[in-house]
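Asker: Below is the sequence, then the predicted model.
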Amino acid sequence: MSAIELFATVFGVIFVAELPDKTALAALVLATRHRAAPVFLGAASALTVQSIVAVAAGSLFARLPPQYVRIGSGALFVICAIVMWFRKHDDAKQAKEASGFWRAFASVFVVIFLAEWGDLTQIGTAALEAKYHRWPIVMAASVSALWCVAALAVFVGNRAGRLLDPKLTQKVAAAIFLLVGIALIVGLV
């Protein structure tokens, strides 16, 4: 398989797998609450680190107990849902400005990093590296696909955050995070 064919294969697999994923949903929801730049950069950084972990681990990573990863990710989503639900709501613009770039970046990085841990796309990246043993291409294609999905999620979330009532958006986001968290804990996703 040529380098271009391998890149296209890995990109396509990871892109399609990440589109409906909880990580993309988290980036979308976070983009309704924060400015686009720190959300995208935080998500892109976390996804890059997770891709490095996946490529470095290769096929060994897929052997981690999936139930622990799933339960841990689910608990994180439930905690985020509770914090979001009870967070005192400010004017959306004030909240975005008050959060500051680095604080928003750090929050997004942590949420995305933990949500991506043991995710299908991370395991898929590890499996593709284990199969092809061409880490630079697998890494570049995986990161490119994840960044594209993150950019789409941030764009949609940022626009939705501007158009929708911030209080309603916060409650809907909390409910979505809670449902994803419960689904992860009980093993539905």
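Answerer: Cool, the structure landed.

Asker: Okay, buried residues for stretch 106-119 please.
Answerer: By 16 or more other C-beta atoms under 10 Å, the buried positions in stretch 106-119 come out as Ser107, Val108, Phe109, Val111, Ile112, Phe113, Leu114, Ala115, Glu116, Trp117, Gly118, Asp119. For the C-beta atoms, the positions are set from N, CA and C on the backbone; glycine is no exception.

Asker: for stretch 117-136, same thing?
Answerer: The neighbour-count check on stretch 117-136 (16+ other C-beta under 10 Å) flags 117-119, 121-130, 134 as buried.

Asker: before we move on, back to that, of all pairs in the buried residues of stretch 106-119, which one is the farthest apart?
Answerer: Maximum pairwise distance among these (C-beta to C-beta): 20.7 Å, between Ser107 and Gly118.

Asker: Would you map the helices across this structure?
Answerer: Listed in chain order, the helices of the chain (DSSP state H) span residues 3-18, 22-33, 36-57, 66-86, 92-99, 101-116, 120-132, 135-163, 166-186.

Asker: Show me how far the longest one is from its chain's centre.
Answerer: Read it as helix 135-163. The chain centroid and the centroid of helix 135-163 are separated by 9 Å under C-alpha atoms, centre = their mean, to the nearest Å.

Asker: and the angle from it to helix 3-18?
Answerer: Using axes from the mean of the first three to the mean of the last three C-alpha atoms, to 10 degrees, one finds that helix 135-163 and helix 3-18 are set 40 degrees apart in direction.

Asker: which strands and helices sit next to helix 135-163?
Answerer: Helix 135-163 makes packing contacts with helix 3-18, helix 22-33, helix 36-57, helix 120-132 when contacts are defined by 3 or more C-beta pairs under 8 Å, 6 or more residues apart in numbering; DSSP states H and E.

Asker: just to revisit the earlier point, any chance of the helices of the chain in a markdown table, with mean pLDDT too?
Answerer: As requested, these are exported to a markdown table (pLDDT from 0 to 100):
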| stretch | mean pLDDT |
| --- | --- |
| helix 3-18 | 90 |
| helix 22-33 | 84 |
| helix 36-57 | 88 |
| helix 66-86 | 70 |
| helix 92-99 | 49 |
| helix 101-116 | 88 |
| helix 120-132 | 79 |
| helix 135-163 | 88 |
| helix 166-186 | 74 |
